[in-house]
Structure formats: structure tokens, C-alpha cells
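K.L.:
can you look at this prediction? I've put the sequence above it.
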Amino acid sequence: MVFNWFRRQFDDRSENSQVDQTETISEPSEAEQSKPEQSEPEAAATATEEVAEDYLNWAKAAYQNIQKRQQVEPEAAPEELATEEPATEEPAAAEELVAEAPEELATEEPVAEEPKVPEVAETVEEATAEDPIVEPAIAPTTAEVTAEVSEFTPTEQPEAPEEAIAEPAAALASEEAEAPAIAPETIPVEPLAVETLEVTTKASESTEAAPLPFWAQAEADRQARLERLKATAIEESEPEVAHPTATVQEALPEIAFDEGFLWSAEVLAAQGRRPDQISIEEITWLKRLRQGLDKTRRSLVNQLKAIVGQGPLNQDAVEEIEALLLQADVGVAATDRIIDSLQKKLREEALPPDQAIAYLKSILRDMLDRPLGQSYNPTFAPEKDALNIWLITGVNGAGKTTTIGKLAHLAQKSEYNCLIAAADTFRAAAVEQVKVWGQRSGVEVISNPGQNTDPAAVVFDAIGSAQSRGTELLLVDTAGRLQNKKNLMDELSKVRRIIDKKAGDAKIESLLVLDATLGQNGLRQAEVFLEAAQLSGVVLTKLDGTAKGGIALAVVQQLGLPIRFIGAGEGIEDLRPFSSYEFVEALLAG
Ligand SMILES: Nc1nc2c(ncn2[C@@H]2O[C@H](COP(=O)(O)OP(=O)(O)OP(=O)(O)O)[C@@H](O)[C@H]2O)c(=O)[nH]1
């Protein structure tokens, strides 16, 4: 069984894989009945000590399960990685990447210093030893080849795979440094090693061969000239497929049974989860979300609580709340709506502070779930066994490329067949960045190696590839800044038209990536995309480290779009599907 990170539940492909999370929650299994009752935030406010004790037991059980799993997993991990890799086409893809990388990029990252020959020789031995059927035929040859190669390969041994891993764009150099190093044993090179050796051997034979007769030499020169001519004559070359070299598993921290764990466990339990379903990634994410909203919470919530908790609101209190909400970039429209609802309720009955806060939470949740009063399916997941195309748009620097990398990682973990189209052709480095993310998440990237190529052409090629290989999720990177608004709109509209035409029956979503730290300014910039890209949702990034977490409410109120994902960090694990419940709990956590 695979945990579907988009649906936040276990997927069982053999049964109905499209079951909605909400359905699961509304029909608790027998096992679920033993956990603390599922509570609305209002009910949580009146929780008895007994319920608190239940949550504690629930958290302890979840903690023990995670610990048990951690003891088992280290052994399983390398095998999982090894089976994920398409090994046969590695050398070509890696060489192409190196050949095309701008020189300065290639030198950004120190080349891996590991001696190649002993590693390859070992690998060959392992490969032949493991395969008793081919051993009699291959073993003597590979042994000879290994011996022969080891005489001269220290400088000539192809280094492409390592260099391809070490070629990130300058802008991503710091991210790469933070990423865990790719352990050599996680790169499954066994079959590749044999091929590489054979090629190298042939090359060495040809260089040592006797000089060619003049007529053969002339013919060889002619062929070489022809090749050179062809190379310079063709501007738009075939789409390039960057094959992932290895999936980087982000190291998860040791988990402590602390206050953050208890809070996360309570949030998960309240959503109907069982202790045996809880993973370290989810706890880590919730802790990060709460931590990410820390600044907003500190500047907004404590004062808000103090005011709301005083009882029926008077005019002064309303003004104070208004100022606080505007400060947190909640925006005028959303602030008015919150205050109207609060006043109405508090005029009807004087709620004790806890209940007033619980009521405030329910107002915020309702706003987030129903932009402009319209209901959206809370689950936003690619449909299995169908082509889903997600167009990722937004201004430069909002976090589009990072989001694509993180989404690709979620898709890989949830066992979707995923592909990335590098259609931000406006900036050459953008293509290189997205390739690096493709490598990190283990997802192939379709790009066009030419300069200033047409993004619609890249998307066209990528859809063709996706259709022929049964891709379930195609993520399309797009440019965020063109010379003017009209260019941007024209380009996005053209890309959208191509998608509609070539993949008419695909599930198409258009997501706007918004930088939360920009607050209201970011929203103004976003309006151009509303017109051009037929947006269906928002990804809110950089929620960590901003006191403007309230922007989430402004987004739904002003753009009328649901938030689908939130990012709270630069790491590959720092993006999750948006849950209004979790967001509001983190925002107003005690
Ligand atoms: N702190 C934090 N940084 C983020 C987050 N998401 C992205 N970033 C950082 O924001 C910067 C810009 O991200 P990109 O993904 O390159 O943005 P982009 O929209 O693709 O920008 P262009 O490639 O210039 O179009 C990078 O340094 C990212 O690491 C986030 O959730 N939190």
C-alpha cells in the first residue's frame, strides 16, 4: 500500500483508488473508533480532560509506530532506490547534459573526487557474480576489459554521470549544498558499468590502430565535415530528455516526543487518522507549518485572542481587530467579512474566550474552503491512470521551479508516473534549474536544447512523450517575466491552447504560485495571470519566515481561488497539499 501524499491517505490501487479523503473521514473503520473522537474545532474547545488523555495515548501510539518503522526502513531504502532507476539510457543523457551546460555552471560544483575505476571494477564483479546465467560467457571478457581499462582510465574514464549530478545552475548552488549528498551506492550503475567499459575499450582500440590509408582518411574527414554542418544547420533540435540520475531522499530528522509532536498528533487525530497511519514526514511537516506560521501567530493571534476573549465586541475592539488583520495582510475584503461574522455571533451570545476562538477558527476555515462562497473539492490530487497536466505559473522568483520539484517529489512518493516540461525558455538558467529538480526528485525533464525556443513547442513535445509513456502527471514550468504583459499573456494563452488541443481529454489544472512574503503586492502582480492562464488554484510559497501568513485569506477572498498547496521551506519535503483545518490550527495554535 502506498501513501498518497496528495490525498493524504493510503492508496490501494486494487480497490477504488479515487476514494475521497472526506469519505474516509466520515466513515470511520472499527480501528478508528478506538481513537479520540473526531472533533470540530468548536468541540475541541470544550474538550474534557478525558479527551486530552486520549490524545496523549494516541500520540504515544503514533510515536511508537514511527519508531518501529524507522528501525526497519534503513535496510529497505537502498533497494527501493536501486529499483527506481532506468539504468540503460544514463550515459547518453548524462553526457548531453554536460555538453550543454554553460561552462561557468559546470565549474560551480566540485566534481566528485571518488576514484572511478575501483568502483566500476567492483560493480562489474558484483554484476557478473550475481548473474549465474551470463557468468560463463561474460566473466572472462569483463575481467579482461576491466584489467585493460584500469591501465589507462584514471583520466579517461567517463565522468558524465557524476558531472551531470554536479551541474546545478548557480542560483541553486546553495540549495544543492544543503541537499544530502547522493551516496554512490544509491546510484544503480551495474548494467551501465559493463556498457561503459565496452565503449571505452573500443575507443582505446581505435586510437591505437594503424593510420588509415589516404582515401579512407579523406572519407572520414568528409563525414566529419558533414556532421559539423548538420550540427550547425539545425537550430531547433529534437527535444531533450533529461533522465534522472538518482532520487535524493531528504534526510528526515530524528523525531522527538515533544510539544510539537503532541500538537501535530492532535491535529491528525482530529482529522480521523489512526496512530498506525502516521508517518514521520507528516509530523515533521506539521511541526514545520506551525513553526512557519510562528511569526504571524505571534504578531496577530495573541492580541486577537485577548480581544476576542473579552466578550461581546464593542466598537473599539472591532477597530483593534481590524488593524491586526490588515497588519497580517489579510486584506480589506477578508477582514470585513471576518469582523461581520464575529460581531453577528457575539451579539447573539457572549461566548467564553475558548469558544470565541473556536468560532473564529470556523469562520477562517469556511473562508478558506469556500472562496467567494463557492464550494471546492478539498482534495486536489492527480487522477490515477489518466493524464493530468498541471500548468505552473507565477512571477519570477515566486517559487515556481522549486514548487515543481517538490510536486514531482510528492508524485514520485505517491507512485504517480510523472514528467516535467521545461517550458520557461525565456531564461536559459530556468531550464537548468528545473533539470536539477528533476534529478533530485527522480523525474524526467523534457526540454528543448535550442536558444529562445518556443515554449509551446516544448509543451507539445512533452505531451507527446507523456501520452506515449502513460504519464499520469505532467508538470509544466512557465516563464514568469516577459518583455511586457501582452507577451506574457500571449505566451501563456498559446501554451494553454496547445494543451487543450493536443490533450483535450487530460485533466488540466492551472496553478498560480504566489510568494507569501510579498503580501498584497504579490496579489496585484497575480492579477495578470488570472486573465491569461484560466487559473484553477494557488500555491502559496515561503510561508516560513513571514509575518504575513494572513495573505492566505486575502488570496481566497480577492482572487476567488482555492489554495491547493503551501510551501514552508526550501527543501524538497517542504510542500504539502493545503488543508484549511491544519492551516487555521497552526495559525491560531495556543
Ligand atoms: N523560504 C522559502 N524559500 C522558498 C520557498 N519556495 C521557494 N523558495 C526559494 O525562492 C527562490 C526562488 O525560487 P524559484 O523556484 O527559483 O522561483 P521561480 O518562480 O521558479 O523563479 P524563476 O526561475 O526566476 O522564474 C529560491 O531561492 C527558492 O529556494 C519556500 O517555501 N520557502
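P.N.:
Everything's here; your move.
K.L.:
so what's the residue in the stretch 201-350 of the chain that the ligand sits nearest to up against?
P.N.:
Nearest residue of the stretch 201-350 of the chain to the ligand (Cβ to the nearest ligand atom) works out as residue 292 at 8.2 Å. C-beta here means a position set from N, CA and C on the backbone, and glycine is covered the same way. Shown in contact with residue 292 (Cβ atoms under 8 Å, 6 or more residues apart in numbering): 543-545, 549, 568-569, 586.
K.L.:
so among those residues, where is pLDDT lowest?
P.N.:
Lowest pLDDT among these: residue 545, with 76.
K.L.:
quick one: it and residue 293 touch, right?
P.N.:
No: contact criterion Cβ atoms under 8 Å: residue 545 and residue 293 do not qualify, at 10.2 Å.
K.L.:
which of these two has more neighbours?
P.N.:
residue 293 (28 against 13; other Cβ atoms under 10 Å).
K.L.:
one step back: can you pick the most crowded of the contacts of residue 292?
P.N.:
Neighbour counts for the contacts of residue 292, by other Cβ under 10 Å, peak at residue 549, which reaches 29 neighbours.
K.L.:
that one should be in a strand, yeah?
P.N.:
No: applying DSSP: H, G, I helix; E, B strand; the rest coil, one finds residue 549 to be coil, outside a strand.
K.L.:
in helices, which of the contacts of residue 292 fall?
P.N.:
Using DSSP state H, the subset of these located in helices is residue 586.
K.L.:
just send the contacts of residue 292 back as a markdown table, with distance to the ligand too.
P.N.:
Formatted as a markdown table, these follow (distance: Cβ to the nearest ligand atom, whole Å):
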| residue | distance to the ligand |
| --- | --- |
| 543 | 7 |
| 544 | 5 |
| 545 | 6 |
| 549 | 12 |
| 568 | 6 |
| 569 | 5 |
| 586 | 15 |
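K.L.:
which residues touch stretch 493-506?
P.N.:
Outside stretch 493-506, the residues within contact range by Cβ under 8 Å, 6+ apart are 386-389, 391, 423, 455-456, 459-460, 463-464, 466-467, 474, 476, 478, 508, 510, 532-534.
K.L.:
list the buried ones in that stretch?
P.N.:
In terms of neighbour count (16 or more other Cβ atoms under 10 Å), stretch 493-506 has its buried residues at 495-496, 498-499, 502-503, 506.
K.L.:
same question for stretch 419-437.
P.N.:
For stretch 419-437, a neighbour-count test (16+ other Cβ under 10 Å) marks 419-427, 429-437 as buried.
K.L.:
next: stretch 59-71.
P.N.:
So for stretch 59-71, counting by 16+ other Cβ under 10 Å, buried means 59, 61-63, 65-66.
K.L.:
what does the stretch 251-400 of the chain put close to the ligand?
P.N.:
394, 396-400 (Cβ under 6 Å from any ligand atom).
K.L.:
low-confidence ranges in the stretch 151-300 of the chain?
P.N.:
151-216, 218-219, 222, 225-226, 228-239, 243-254 (pLDDT under 70).
K.L.:
quick check: residue 535 vs residue 561, distance?
P.N.:
6 Å (Cβ to Cβ, to the nearest Å).
K.L.:
overlap in contacts of the two?
P.N.:
Shared contacts of residue 535 and residue 561 (Cβ under 8 Å, 6+ apart): residue 512.
K.L.:
one step back: now, of the contacts of stretch 493-506, which are buried?
P.N.:
387-389, 391, 423, 455-456, 459-460, 463, 466, 474, 476, 478, 508, 510, 532-533.
K.L.:
in strands, which of those residues appear?
P.N.:
Those of these mapping onto strands are 388-389, 391, 423, 474, 476, 478, 508, 510, per DSSP state E.
K.L.:
which among the buried residues of stretch 419-437 are in contact with the ligand?
P.N.:
Near the ligand, by the rule Cβ under 6 Å from any ligand atom, you find 424, 430, 433 out of those.
K.L.:
adding distance to residue 573, write the residues you listed out as CSV.
P.N.:
Output for these, formatted as CSV (distance: Cβ to Cβ, whole Å):
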residue, distance to residue 573
424, 24
430, 23
433, 18
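K.L.:
the ligand: which of those is nearest?
P.N.:
Using Cβ to the nearest ligand atom, those come closest to the ligand at residue 430, 4.6 Å.
K.L.:
the closest one: helix or strand, and which one exactly?
P.N.:
helix 428-441 (DSSP states H and E).
K.L.:
residue ranges of the strands in the protein, please?
P.N.:
2-4, 9-11, 240-242, 388-393, 418-423, 444-447, 473-478, 507-515, 537-541, 563-567, 575-577.
K.L.:
show residues contacting the fifth one.
P.N.:
The one in question is strand 418-423. Contact partners of strand 418-423, identified using Cβ under 8 Å, 6+ apart, comprise 404, 408, 411-412, 430-431, 434-435, 437-438, 441, 443-448, 455-456, 458-459, 461-463, 465-466, 469, 471-479, 495.
K.L.:
try 7 Å this time
P.N.:
404, 408, 411-412, 431, 434-435, 438, 443-447, 455, 458-459, 462, 465-466, 471-478, 495 (Cβ atoms under 7 Å, 6 or more residues apart in numbering).
K.L.:
give me the neighbour count for residue 384.
P.N.:
Residue 384 - counted by other Cβ under 10 Å - has 17 other residues nearby.
K.L.:
again with residue 369
P.N.:
Residue 369 has 17 nearby residues by other Cβ under 10 Å.
K.L.:
just residue 408 next, same as before
P.N.:
By other Cβ under 10 Å, the burial measure for residue 408, its neighbour count, is 27.
K.L.:
who touches it in this structure?
P.N.:
Residue 408 touches 418, 420, 437-438, 441, 443, 475, counting by Cβ under 7 Å, 6+ apart.
K.L.:
mind picking the two most distant members of those?
P.N.:
418 and 437 (11.6 Å; Cβ to Cβ).
K.L.:
quick one, what contacts residue 562?
P.N.:
Neighbour list for residue 562: 371, 376, 537, 556 [criterion: Cβ under 7 Å, 6+ apart].
K.L.:
just give me the closest of these to the ligand.
P.N.:
When the contacts of residue 562 are compared against the ligand (criterion: Cβ to the nearest ligand atom), the nearest one is residue 537, at 16.3 Å.
K.L.:
how about that closest one: what's its closest non-neighbour residue?
P.N.:
With sequence-adjacent residues excluded and distances taken as Cβ to Cβ, 6 or more residues apart in numbering, residue 537 is closest to residue 564, at 3.9 Å.
K.L.:
ok, that neighbour touching residue 539?
P.N.:
Yes: Residue 564 lies in contact with residue 539 (Cβ atoms under 7 Å); the separation is 6.2 Å.
K.L.:
now the helices: where do they sit in the stretch 301-450 of the chain?
P.N.:
302-308, 315-327, 332-348, 353-369, 400-413, 428-441 (DSSP state H, counting those that start in this stretch).
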